[in-house]
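Chemist: Okay, predicted coordinates and the sequence, questions at the end:
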Amino acid sequence: MENKLPKRSEVPVEMTWRLTDIYETEELWNEDYKAAGLIADEIREYEGRVCESADTMLKVFDLYEACLMKVYRLYGYAHMMHDQDTADQKNQGLHSKAMSLDVMVGEKLAFLEPEVLSLDKEKVDAFYEENEALKKYKCLITEMMRTREHTLDKNLEALLASAGDMAETAQKAFSSLAYADLKFPETKNEKGEQVALSNGRFVPLQMSADREVRKEAFFKFYERYKEFANTWAVLYDGQVKKQIFYAKARKYNSTYEAAVDRNNVSPSVCENLISCVNKNLDKMHRYVRLRKKLLGYDELHMYDVYASMVSEFEWKVSFEEAKKMSLEALRPLGEDYLKILEEAYENRWIDVIENEGKRGGAYSSGVYGVHPYVLLNWSGTLDDVFTLVHEMGHSLHTYYSNKKQSFFDADYKIFVAEVASTTNEILLLKYLLGRAKEVKEKMYLINHFLESFKGTLYRQTMFAEFEKESNRLSEEGTPLTADVLSELYLSLNKKYFGEEMISDPLIAYEWCRIPHFYYNFYVYQYATSFSASVAIADRILTGGKDEVARYLDFLSSGCTADPVSLLKKAGVDLSTEEPVQKALDIFDGLITEMDEIN
């Protein structure tokens, strides 16, 4: 671990993504920016007559597709430029300009959906018969019809669209504060050297075998967040109030109901998840007891959560080694899948290492008509290899859907977005377990699998409970102050980790640093997807080519059906608790296996 992060200009070019695949020059970006606005103006000329005939509707939707393809391409480029160096003023300006364009286009075209909704189903079906080319937009039109009761008249839709830029203020401010402005004190690494603490380095430091390193980093990190607790609370309160405003405006009973309906998923899916996990908290508490035993501590603290339960075993991996490892692990998905992975590795789809001002964490971002991109903050741990295959899972899902489906039909719902990524993680884990020769190595991998269950199934469900409860409190009129949010978070932490874990008071401020709380009920989908992926990976490894074909069909389906139905293609039914319970039973078995080895 270097004492200082490199500046963006100091990062080797081969370790950066090649955004010129989207736009070779800023002039081309500006040309598309102007063109998108002109197309929006052309569409606006059809206001009041979108539905006068099948031919007219087709013309409008063709223009609508052309406009949004440019808007999304412009935004994709701008947000990745911004994220590679959030402190760069030029990148900030580009990002703001792209967001403003998105709002402007939404405002100009707000009349479109209300006009389509003025038609009844019989008239729409007649239009499909009149001009079969209109069927290209059938999924989009069907989705519009599904949300008819939550769509307003064109004037109110325009008003909501015009507020879009302002509505992103809380998330944008969170990002700027967390990743650009917030400076942390230095902390000691395992060599006793003073190193710069950062969002990207926090978890690797928490994984240190040296407990004092973990403890010092934990306290310095969360003390810094606590100093700004009131500011974080105002930002999160602003995010929740935004969600409440839009839910009420669209005639939903709650922010939660509005969020899940956006993905065409029943509220019962998340409720089943929370219910099932809460019924299985004893397994999480059993895991905590095992962790305490294997680490050999009289007291287990929150700064011990990431430490490996397997002592004297360290697995460092270079990025080159990780690429080779991933290709072998994902071989069960077939040669076509591997060829796309190789193309990504050879042609700079990935931004690899952390630099000053770079956004923390990792993500995959799709650009229709180009190829997906991946942002990483590589530190050379085995966890980073899992992050790599996770994000490439997203990217390959996007690649297959974009290749098979039209622009609108390729846009798969967030609910299924985590399935491909988590399936890749499980395939990697099973590949490594199958090759493990030493007991320590096998224990290390079982430990990683246990961490996946803890971090994905339990932790993300805990996050979902925090979101649901904080939104409910706000909807009932309780101000979301730093004290209220911290007390809520601490109580959930104690419930999930149990009595064997000392929930250090500073963990109450962990909510301050979670970017996903600004994604409007996103996190529960990590847990449902993990449960689905456990089942899918098993089917791929035991079912042969037929199961792989079913899975690739799922990856290629975009949003051509509702998410729960799409997952049934891959053999999983998330309308029941069964996939979650089966995954948790595997977790319990792994705890037993780890305990027996020791």
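Modeler: Cool, got the structure.

Chemist: All the strands of the stretch 351-500 of the chain, residue numbers only.
Modeler: 363-365, 373-378 (DSSP state E, counting those that start in this stretch).

Chemist: Show me what the shortest one is packed up against.
Modeler: Contact analysis of strand 363-365 by 3 or more Cβ pairs under 8 Å, 6 or more residues apart in numbering; DSSP states H and E lists helix 54-84, strand 373-378, helix 382-404 as its packing neighbours. (Glycine included, C-beta is placed from N, CA and C.)

Chemist: One more pass at 10 Å, please.
Modeler: If you count contacts as 3 or more Cβ pairs under 10 Å, 6 or more residues apart in numbering; DSSP states H and E, strand 363-365 packs onto helix 54-84, strand 373-378, helix 382-404, helix 414-435.

Chemist: circling back: could I get the strands of the stretch 351-500 of the chain as a markdown table with mean neighbour count, distance to residue 289 and mean pLDDT?
Modeler: Output for the strands of the stretch 351-500 of the chain, formatted as a markdown table (neighbours: other Cβ atoms under 10 Å; distance: least, Cβ to Cβ, whole Å; pLDDT from 0 to 100):
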| stretch | mean neighbour count | distance to residue 289 | mean pLDDT |
| --- | --- | --- | --- |
| strand 363-365 | 20 | 35 | 96 |
| strand 373-378 | 22 | 32 | 97 |
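
Chemist: between the ones you listed, which one is nearest to residue 71?
Modeler: Proximity to residue 71 (Cβ to Cβ) singles out strand 363-365 among the strands of the stretch 351-500 of the chain, at 14.6 Å.

Chemist: mind checking how far that closest one is from the chain centre?
Modeler: The chain centre lies 8 Å from the centre of strand 363-365; the measure is Cα atoms, centre = their mean, to the nearest Å.

Chemist: residues in contact with that strand?
Modeler: 17, 75-77, 79-80, 83, 349-350, 372-376, 390-399, 417, 420-421, 515 (Cβ atoms under 10 Å, 6 or more residues apart in numbering).

Chemist: try 8 Å this time
Modeler: The contact list for strand 363-365 (Cβ atoms under 8 Å, 6 or more residues apart in numbering) reads 76, 79-80, 372-375, 391-392, 394-395, 398, 421.

Chemist: coming back round to it: dump the strands of the stretch 351-500 of the chain to CSV, plus distance to residue 526.
Modeler: Supplementary listing: those in CSV, determined by distance: least, Cβ to Cβ, whole Å:
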stretch, distance to residue 526
strand 363-365, 13
strand 373-378, 17
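
Chemist: Quick one: closest of those to residue 214.
Modeler: Proximity to residue 214 (Cβ to Cβ) singles out strand 373-378 among the strands of the stretch 351-500 of the chain, at 19.0 Å.

Chemist: Which strands and helices lie in contact with the closest one?
Modeler: In terms of contact count using 3+ Cβ pairs under 8 Å, 6+ apart, strand 373-378 is assigned the packing partners helix 54-84, strand 350-353, strand 363-365, helix 382-404.

Chemist: As TSV, those with distance to residue 522 would be great.
Modeler: Converted to TSV, the helices and strands packed on strand 373-378 look like this (distance: least, Cβ to Cβ, whole Å):
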stretch	distance to residue 522
helix 54-84	17
strand 350-353	22
strand 363-365	12
helix 382-404	13
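
Chemist: Test my guess that residue 274 contacts residue 461.
Modeler: Yes - here residue 274 lies in contact with residue 461, judged by Cβ atoms under 8 Å, at a distance of 5.9 Å.
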